[in-house]
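>>> Have a look; sequence and predicted model below, questions after that.
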Amino acid sequence: MDRETRHAQLAETYLPDDLLERFRQRAAVYDRENRFFDDDLAELRERGYLRLFVPPSHGGPGLSLNEVSRLQRRLATAAPATALAVNMHLMCTGVVAAMVARGDRSLEYVFDEVNAGEIFAFGVSEPGNDWVLQGSNTVAVPQDDGGYLLSGVKIFTSLSPVWTRLIVHGLDSTGEPQLVYGFIERDAAGITVSDRWDVLGMRASQSRATILTDVRMRPDRVARRIAPGRVPDLLTFAITSLFQLLIGSVYSGIAERALELGAAALTTRRSAKADARYAEVPEFRARLADALMDYMAVPAQLDLYTREFDELVDHGAGWPLRLVSARLNASTAARRACETALMCASGAGFDNTHELSRLFRDATAGLFHPPSADAARPMYAAALLDDD
């Protein structure tokens with residue numbers, strides 16, 4: 001079976017057109033009422049969407065990153081906030097799949113917990129921590145049994161209303177400093193989820209802050225102890241790869257849908273001055289054409305890098321350049337596409353009830369995923385200019 005036929009079959013199995021349309025209708029309601037996507041999640045769970053990365057050895061479909069990326073792009077065309085939040089569960093399970101593919105089976109228990117209905121989420125981002133994976137403001141106090149007590153604040157914790165397992169990290173400074181990575185459980189004492197989430201876009205993700213106060217990480221849930229800084233490790237490589245490429249997939253889907261809506265608007269609106277549809281007005285055609293040209297490189301980049309990741313291609317120090325570029329380019333293309341589409345739709349798109357208004361706001365969330373363009377630029381400059 002060729003690759004495109006396979007993608008079409010997966011789309012029909014997991015995200016058929018009628019399901020996407022229900023998601024699209026609900027997305028407007030979730031956004032307006034600022035509430036979690038409970039109904040979307042229920043339907044995704046019923047279809048086995050949360051088990052996409054679970055391998056056949058554990059009773060799952062064992063999809064590749066390339067295949068999941070395509071599905072997430074499709075989901076984001078209907079419900080970006082749903083796709084962004086589900087990403088965090090898929091990222092955790094995809095990290096484990098990537099590690100197993102590279103010979104590390106230490107976190108394989110995650111698959112059994114997913115099969116049992118547990119929902120995983122990502123709790124690494126912290127206020128004021130622009131080191132992200134390479135540092136932490138969360139304090140990890142070692143315990144006699146090999147576990148830790150963690151205290152700190154994790155921000156933008158998507159799936160806040162429903163997650164049952166959270167991957168977190170903290171800094172153990174009791175001796176030689178070590179970053180501790182592992183999973184905590186929702187019913188552990190000391191976890192407080194903020195009730196504040198009134199944001200510009202991606203509202204249905206309910207990505208609230210999570211406050212940890214002496215939260216226990218059991219010794220059997222400790223995944224890594226790594227020195228702070230730029231220390232190569234399979235776990236952090238897998239996290240970076242899945243995070244950047246799946247986040248990029250969501251913004252690629254937003255751009256695709258925005259361009260579709262922009263084109264539709266031009267075919268229905270008429271210019272009194274030109275006595276023709278706006279689709280025939282050269283300035284509008286050129287504006288939409290430029291946005292499409294910007295966009296077309298995005299799915300191509302995502303397809304290439306997800307396939308190479310699946311095929312265990314070794315880019316070495318070149319991987320971060322590829323991963324961050326794919327995500328930054330996707331988020332930039334999404335904002336450009338949404339702005340262009342709004343201009344095509346004119347005043348109608350500026351109304352809060354219009355899908356483009358929501359897509360434009362959702363696309364702005366792409367400004368806040370780490371690393372920012374400013375934080376990433378030194379890495380690209382160094383790749384060209386530094387001898388070492």
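Yep, it's here.

>>> neighbours around the closest residue to residue 156 other than its chain neighbours, how many?
With C-beta to C-beta, 6 or more residues apart in numbering as the criterion, residue 156 has its nearest non-adjacent residue at 4.5 Å, and that residue is residue 207. Glycine gets a C-beta too; all of them are placed from N, C-alpha and C. Residue 207: 24 surrounding residues under other C-beta atoms under 10 Å.

>>> Against residue 260, how distant is residue 120?
With distances taken as C-beta to C-beta, to the nearest Å, residue 120 is found 32 Å from residue 260.

>>> So between those two, which is more surrounded?
Each of residue 120 and residue 260 has its neighbours counted (other C-beta under 10 Å); residue 120 has more, 23 against 13.

>>> Could you tell me the phi and psi values at the more buried one?
phi -100, psi 150 (degrees, to the nearest 10).

>>> If it is in a bridge, with which residues?
Assessed by DSSP bridges, residue 120 has beta-bridge partners residue 165.

>>> And the pLDDT for it?
Predicted confidence (pLDDT) for residue 120: 98.

>>> so what's it up against?
Taking C-beta atoms under 8 Å, 6 or more residues apart in numbering as the criterion, residue 120 is in contact with 88-89, 92-93, 110, 113-114, 163-167, 183.

>>> And the protein, split by domain according to the record?
3-115, 120-226, 234-385 (automatic domain parsing).

>>> what's residue 287 sitting at in phi/psi?
phi -60, psi -50.

>>> Burial check on it, number of neighbours?
Residue 287: 18 neighbours (other C-beta under 10 Å).

>>> Could I get the full set of helices for this structure?
Assignment of helices within the chain using DSSP state H yields the ranges 3-14, 17-33, 38-46, 65-76, 80-101, 109-115, 234-268, 282-310, 319-345, 347-350, 355-364, 373-385.

>>> which stretch in the ones you listed has the least confidence?
helix 347-350 (a mean of 91).

>>> for that one, packing partners?
Contacts defined by 3 or more C-beta pairs under 8 Å, 6 or more residues apart in numbering; DSSP states H and E place helix 347-350 against helix 234-268, helix 319-345, helix 355-364.

>>> right, so of those, which gets closest to residue 138?
Of all the helices and strands packed on helix 347-350, it is helix 234-268 that lies closest to residue 138, at 15.7 Å by C-beta to C-beta.

>>> Buried residues, the closest one. List them.
Neighbour-count burial for helix 234-268 flags 235-259, 261-263, 265-266 (criterion: 16 or more other C-beta atoms under 10 Å).

>>> Packing partners of that helix?
Using 3+ C-beta pairs under 8 Å, 6+ apart, helix 234-268 sits against helix 65-76, helix 80-101, strand 222-226, strand 276-277, helix 282-310, helix 319-345, helix 347-350, helix 355-364.

>>> got the angle for that helix vs helix 319-345?
Following axes from the mean of the first three to the mean of the last three C-alpha atoms, to 10 degrees, one obtains 20 degrees for the angle between helix 234-268 and helix 319-345.

>>> ok now helix 234-268, how far from the chain's centre?
9 Å (C-alpha atoms, centre = their mean, to the nearest Å).

>>> same check, this time on stretch 310-321
19 Å.

>>> got it, and stretch 230-239?
Averaging C-alpha positions (C-alpha atoms, centre = their mean) puts stretch 230-239 18 Å from its chain's average.

>>> Next up, the contacts around the most centrally placed residue in the chain.
Closest residue to the average C-alpha location of the chain: residue 247 at 3.2 Å, with C-alpha atoms, centre = their mean. Shown in contact with residue 247 (C-beta under 8 Å, 6+ apart): 84, 87, 327, 330, 331, 369.
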